[in-house]
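Undergrad: heads up, no residue letters with this:
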């Protein structure tokens, strides 16, 4: 899974740069054509979300967004099916030209 990190602009509700979106769509299309892309979804800003916490010994708490730590927030998710972490890294690197300055976390799904 590729977790595309958010940034302050996206969290403020600003639309991504159309040119950047077009380049990202090109990478996603390459993934589709290569048969590795399972799904790709963008996420709304955290102001539209909620966080549920389960403190030990206490009642669950629900916190409405927005959340302040934008570097920890996710702007989009791509689930890919590849043979190795190295293959996932190679695909993630394809986004470098699409969105300079972005961060992508690569995590393996359990199961």
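TA: Now that the structure is in, tell me what you want to look at. Here the structure is a predicted model, which is why all the values come from computation and not from measurement.

Undergrad: now for residue 2, how many residues are close by?
TA: Neighbours of residue 2 under the rule other Cβ atoms under 10 Å: 20. Using the backbone N, CA and C atoms, a C-beta is placed for each residue, glycine as well.

Undergrad: list the beta-bridge partners for it.
TA: residue 78, residue 106 (DSSP bridges).

Undergrad: so what pLDDT did it get?
TA: You'll see residue 2 listed with a pLDDT of 97.

Undergrad: you'd agree it is up against residue 89?
TA: No. Contact criterion Cβ atoms under 8 Å: residue 2 and residue 89 do not qualify, at 9.9 Å.

Undergrad: quick one: residue 30 is in a helix?
TA: Yes. Counting by DSSP: H, G, I helix; E, B strand; the rest coil, residue 30 is found in a helix.

Undergrad: quick one, phi/psi of the closest residue to it other than its chain neighbours?
TA: Of all residues not flanking residue 30 in the chain, residue 94 sits nearest, at 6.9 Å (Cβ to Cβ, 6 or more residues apart in numbering). Here is the backbone geometry of residue 94 (degrees, to the nearest 10): phi -60, psi -20.

Undergrad: having no further points to raise, I will conclude here.
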